[in-house]
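Visitor: predicted coordinates and the sequence they were generated for:
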Amino acid sequence: MDDKETINVDDINYAVYKIGDWENNYEINQIGLSNEIPVTKNTLDHVKFSMDEIRNTEFSISDKKVNGFVAIAMQLNPKVQEMELDEAIALEQKEFDNIVEELDGLDLIGDDQTIPLDGEEYLIYKLEKDCHVTTSIPANDFTKEFFNNELKKIEDALD
């Protein structure tokens, strides 16, 4: 394969996941609501950084400061909307601890390896910086189809 057909696992311009299930069930942590499991160190680091960014963002709900995960869940998740705010805050902390434990226990692909860009074993996203925002663009047809199906699920859930 030539270089255009493979990517280096340590390339920070790509996020690589496998489709799978988390060990725990999640209601609040959006990372745990996804079936995308990181398989590279760079992707894992990016996921952890994103979680920190969301958790460090504060919102006021009912005169309490909550992090971004709680605020998003209170807006979008009917199960969480039925909870007392303190219960949702405690659940988010428990979920955060569980997802970090799961992330720290993942088997990752070695940084010195390459993977086919157009394969169907991994979901591969090209990461592009737009001002201060990183956007994830499906890098192959397999990922594009998965991504579109996930968007449809979200749209259907919001209807």
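Guide: Right, received. Where do you want to start? Numbering: from 1, shown residues only.
Visitor: neighbours around the nearest residue to L85 once chain neighbours are set aside, how many?
Guide: Of all residues not flanking L85 in the chain, S62 sits nearest, at 5.5 Å (Cβ to Cβ, 6 or more residues apart in numbering). All C-beta spots, glycine's among them, are computed from the backbone N, C-alpha and C. Using other Cβ atoms under 10 Å, the number of residues around S62 comes to 9.
Visitor: so who does the closest residue to E5 other than its chain neighbours touch?
Guide: The shortest distance from E5 to any residue other than its chain neighbours is 5.7 Å, reached at L117 (Cβ to Cβ, 6+ apart). Going by Cβ atoms under 8 Å, 6 or more residues apart in numbering, L117 touches K4, E5, T6, I7, I124, A139, N140.
Visitor: quick one: which of the residues you listed is most hemmed in?
Guide: I124 leads the contacts of L117 on contacts (other Cβ under 10 Å) with 25 neighbours.
Visitor: separation between the closest residue to that one other than its chain neighbours and D156?
Guide: Distances taken as Cβ to Cβ, 6+ apart place A139 nearest to I124, at 4.3 Å, with adjacent residues excluded. Distance of A139 to D156, given as Cβ to Cβ, to the nearest Å: 25 Å.
Visitor: strand partners of the longest strand along the chain, parallel vs antiparallel please.
Guide: If you go by DSSP state E, the chain has its longest strand at strand 123-130. Strand 123-130 sits in its sheet next to strand 14-19 (antiparallel), strand 133-138 (antiparallel), going by DSSP bridges.
Visitor: now the most centrally placed residue in the chain: how far from V39?
Guide: Central residue of the chain (Cα atoms, centre = their mean): I31, 3.9 Å from the mean position. Counting by Cβ to Cβ, the separation of I31 from V39 is 14 Å.
Visitor: what lies in contact with stretch 99-115?
Guide: Identification of contacts with stretch 99-115 by Cβ under 8 Å, 6+ apart yields 6-10, 16, 22-24, 26, 29, 31-32, 37-41, 44, 47-48, 51, 121-122, 124.
Visitor: CA-only coordinates of it in PDB, if you can.
Guide: Output of stretch 99-115 as PDB, limited to C-alpha atoms (Å, rounded to 0.1, in the frame of the first residue of the first chain):
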ATOM      1  CA  ILE A  99     -15.500   6.100  31.900                       C
ATOM      2  CA  VAL A 100     -12.000   7.200  32.900                       C
ATOM      3  CA  GLU A 101     -11.400   3.800  34.300                       C
ATOM      4  CA  GLU A 102     -12.600   2.200  31.100                       C
ATOM      5  CA  LEU A 103     -10.500   4.500  29.000                       C
ATOM      6  CA  ASP A 104      -7.400   3.800  31.000                       C
ATOM      7  CA  GLY A 105      -8.000   0.100  30.600                       C
ATOM      8  CA  LEU A 106      -8.300   0.100  26.800                       C
ATOM      9  CA  ASP A 107      -6.000  -2.000  24.500                       C
ATOM     10  CA  LEU A 108      -4.500   0.400  22.100                       C
ATOM     11  CA  ILE A 109      -2.800   0.000  18.700                       C
ATOM     12  CA  GLY A 110       0.900   0.600  19.000                       C
ATOM     13  CA  ASP A 111       2.000   4.100  17.800                       C
ATOM     14  CA  ASP A 112       4.500   2.500  15.400                       C
ATOM     15  CA  GLN A 113       1.900   0.800  13.300                       C
ATOM     16  CA  THR A 114      -0.100   1.900  10.300                       C
ATOM     17  CA  ILE A 115      -3.700   1.100   9.400                       C
END
